[in-house]
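Novice: What follows is a protein structure lacking sequence information:
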């Protein structure tokens, strides 16, 4: 693998007020999986979009198959054999699989008419080469996320790509779907395709890649062979320090009960859910996909309507609330999907922070801009949010900074209970560590905290107590020395309810 198929030399790219790439050099070899890692905002996506023709570099050179490369756009890159598979899939849901595979390059005759048979035949061949179980005529909108991702990968097969770039490809995949993706990647690798793999999930990086390049603040910190390094070295290169205290657990000093639910049920989603959480306590909820964790907290918050159950707030029974009532009581819910449920992406940090609490920032129905700005600056500083100003659109920020704004908009209302649903999904290792520290700080300030996480080390590392859920029911409760990965796996896998352990 000494041959280089794609190389960038001293690439520089600037945006207003930000140097995204600073003299970056990077290369890809045929038949290798090369990881590109770094904190959110390190420049990974900017570099990949430059390679895929979405950005034009301000300086430096790109060489492809030994010749200098100049791209007019993404379609030009695709035709030349460089394909970027975005984290947010770039498919048209109303078109067929075949039409999506060749989107922008449909075969036509000399009169400009679409050659439907050729389109379908070529798409079918690409799908069969990847072992896809769906055909070229299926409407993309009817496919699962994993199948849609296979449509994207089929473009690499159809255009005989030499370089394929995967940007956070497993963010929305189940474990079995991830295994299928890795099987496909290994197939591309065996065919001599050079693959760039961007992910915040370090276990995936060490599983699938041959080399790792680390970016920090738009500069390359180094490239190492995956087999010759470890997580501590990569972490140190990414954030300038090791993560000896990666998980921070708050001191177990609990106050009174804040929330208790009894017999909470929602037909088809969960049944007979009962638990409580106290001031200063971090309660973890763990379960496999479909266990009902998110649905439970959404029902407590009022997003969903329960069929049965009782809710106690500060030891007094209250009617199951609606979201507005939950906010007024002192609940806060940081949802699973920050982009779809937690933020208005076209708005800036100032407006997103104040949005759920307009009454706190208005006088006689007129917004108090000074108060808004004061709160924005307070949390930008407290949470170390990187943004160019109060009105920079959320869509322009990294995932970690977006997540911090979701936290900021709830913290500014001084909640008594904060529910965090997958608080570190899709963000880098440094931002994860900062959020873990914040969870501990909130609990030590007396807040009750509920944390839902699909990452077992995380839910065990930050929680005082963990509830295991399976098939819509709580099947076990663990605390103290009983909080182990083995016990959690056993509980959710066998769906039985062992006695709660101290």
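Specialist: It's in. Owing to the predicted nature of the structure, the values given are computational and were not obtained by experimental measurement.

Novice: drop to CA atoms for contacts and neighbour counts, all remaining ones
Specialist: Will do.

Novice: bridging residues for residue 451?
Specialist: residue 284, residue 420 (DSSP bridges).

Novice: Look up how far residue 412 lies from it.
Specialist: The gap separating residue 451 from residue 412 is 19 Å, by CA to CA, to the nearest Å.

Novice: okay, these two: which has more neighbours?
Specialist: Neighbour count, other CA atoms under 10 Å: between residue 451 and residue 412, residue 451 has more, with 22 against 16.

Novice: Who are the contact partners of the more buried one?
Specialist: Residues near residue 451 by CA atoms under 8 Å, 6 or more residues apart in numbering: 282, 283, 284, 285, 419, 420, 421, 422, 423, 459, 463.

Novice: and the second one, how many residues sit next to it?
Specialist: Yep, that's residue 283 we're talking about. Neighbours around residue 283, by other CA under 10 Å: 25.

Novice: so which helix or strand takes in the closest residue in space to residue 22 that isn't next to it in sequence?
Specialist: Using CA to CA, 6 or more residues apart in numbering and skipping the chain neighbours, the partner closest in space to residue 22 is residue 12 (4.9 Å). Using DSSP states H and E, residue 12 sits within strand 6-15.

Novice: who touches residue 443 in this structure?
Specialist: Counting by CA under 8 Å, 6+ apart, the residues that residue 443 touches are 250, 279, 280, 281, 282, 449.

Novice: Any buried residues in stretch 210-229, and which?
Specialist: By 16 or more other CA atoms under 10 Å, the buried positions in stretch 210-229 come out as 210-221, 223-224, 226.

Novice: helix/strand/coil for residue 224?
Specialist: The local conformation at residue 224, judged by DSSP: H, G, I helix; E, B strand; the rest coil, is strand.

Novice: Just confirm it contacts residue 213, I think it does.
Specialist: Yes: using CA atoms under 8 Å, residue 224 makes contact with residue 213 at a distance of 6.6 Å.

Novice: which residues are in contact with both of these two?
Specialist: Counting by CA under 8 Å, 6+ apart, nothing touches both residue 224 and residue 213.

Novice: out of the contacts of residue 451, which is most surrounded?
Specialist: Counting by other CA under 10 Å, top hit in these: residue 282 with 30 neighbours.

Novice: That residue and residue 314: what is the separation?
Specialist: 17 Å.

Novice: before we move on, the earlier item: burial count for the residue nearest to residue 22?
Specialist: Neighbour tally, residue 12, other CA under 10 Å: 22.

Novice: Quick check: it touching residue 56?
Specialist: No: applying CA under 8 Å, one finds residue 12 not in contact with residue 56, separated by 9.6 Å.

Novice: Strands along the stretch 51-200 of the chain, start to end?
Specialist: All strands of the stretch 51-200 of the chain, identified by DSSP state E, counting those that start in this stretch, fall at 59-64, 67-68, 82-85, 163-167, 194-198.

Novice: next helix or strand past the last one?
Specialist: Per DSSP H and E, the first helix or strand lying C-terminal to strand 194-198 is helix 202-208.

Novice: can you list the residues that contact that following helix?
Specialist: Contacts for helix 202-208 (CA under 8 Å, 6+ apart): 33, 35, 182, 197, 199, 226, 227, 231.

Novice: State the pair within the residues you listed that is farthest apart.
Specialist: Comparing all pairs in the contacts of helix 202-208 by CA to CA, the longest separation belongs to 182 and 231, at 20.5 Å.

Novice: hang on, the earlier thing: quick check: neighbours of the strand holding residue 12 in the sheet, parallel or antiparallel?
Specialist: Here, using DSSP bridges, strand 6-15 pairs with strand 18-28 (antiparallel), strand 59-64 (antiparallel).

Novice: What's the mean pLDDT across it?
Specialist: The average of the pLDDT scores along strand 6-15 is 92.

Novice: Quick check: buried residues in that strand?
Specialist: 6, 7, 8, 11, 12, 13.

Novice: Can you classify the residue nearest the centre of the chain as helix, strand or coil?
Specialist: Taking CA atoms, centre = their mean, the centroid of the chain lies closest to residue 426, which sits 2.3 Å from it. Following three-state DSSP, the label given to residue 426 is coil.

Novice: what sits against it?
Specialist: 168, 171, 200, 399, 400.

Novice: Name the nearest of those residues relative to residue 27.
Specialist: Taking CA to CA as the measure, residue 27 lies nearest residue 168 of the contacts of residue 426, at 19.4 Å.

Novice: Now the closest one: closest residue in space, sequence neighbours ignored.
Specialist: Nearest residue to residue 168, sequence neighbours excluded (CA to CA, 6+ apart): residue 199, at 4.8 Å.

Novice: cool, residue 354 as well?
Specialist: Leaving aside its sequence neighbours, residue 354 sits nearest to residue 409 (CA to CA, 6+ apart; 6.2 Å).

Novice: Would you list the phi and psi of that neighbour?
Specialist: The phi/psi pair for residue 409 (degrees, to the nearest 10) reads phi -70, psi -20.

Novice: For the protein, give me the ranges with low pLDDT.
Specialist: Low-confidence segments of the chain (pLDDT under 70): 1-2, 17, 40, 87-89, 172, 240-246, 428, 494-502.

Novice: Domain ranges for it, per the record?
Specialist: Here the domain assignment for the chain is 6-239, 245-330+416-502, 348-414, based on automatic domain parsing.

Novice: Among the ones you listed, which comes closest to residue 339?
Specialist: domain 348-414 (8.3 Å).

Novice: Cool, thanks, talk later.
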